[in-house]
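Q: no sequence for this one, just the structure:
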């Protein structure tokens, strides 16, 4: 990730947390944060991944060796994304990160960016 300034990463995560839905502007901000070497998976719209609206694109943000899951928080209109780091010799999860958002893709984006910023 080229975003070495943790303040900028926190600001991006805050924007994602307050978003009501995904957008091309947020997708572009994530793409910039990931840097020029992060692979593009074109969705037919624009020149960046549709991270905030596509689960397939959001999953590309999950760091290698991490497991993920998503769940609906019924009654409050939110979704939670969970990530667990299994990059240990015994494969046991040593770090757990979760995030809540209005859509599954946003929740996964937030958790993945938090994991990359750890």
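A: Cool, the structure landed. This structure is a prediction, so every number in the text was calculated from the model and none was measured.
Q: distance between stretch 80-97 and the chain's centre?
A: In terms of CA atoms, centre = their mean, to the nearest Å, the centre of stretch 80-97 is found 15 Å from the chain centre.
Q: may I see the buried residues of it?
A: If you call a residue buried by 16 or more other CB atoms under 10 Å, then stretch 80-97 has these buried ones: 80-85, 97. Glycine gets a C-beta too; all of them are placed from N, C-alpha and C.
Q: ends of it, how far apart?
A: 10 Å (CA to CA, to the nearest Å).
Q: now do it, average pLDDT.
A: For stretch 80-97, mean pLDDT is 86.
Q: show me what that stretch is in contact with.
A: 62-71, 73, 98-101, 104, 107-108, 110-112, 114-115, 118 (CB atoms under 8 Å, 6 or more residues apart in numbering).
Q: give me the buried subset of these.
A: Neighbour counting over the contacts of stretch 80-97 (16+ other CB under 10 Å) leaves 62, 66, 68, 99, 101, 104, 107-108, 110-112, 114-115 as the buried ones.
Q: and of those, the nearest to residue 20?
A: residue 101 (9.6 Å; CB to CB).
Q: what bridges to that closest one?
A: Listed by DSSP bridges, the beta-bridge partners for residue 101 are residue 79.
Q: show me the residue sitting in the middle of the protein in space.
A: By CA atoms, centre = their mean, the chain has its centre lying nearest to residue 109, at 1.6 Å.
Q: quick one: that one is in a helix?
A: Yes - the assignment for residue 109 by DSSP: H, G, I helix; E, B strand; the rest coil puts it in a helix.
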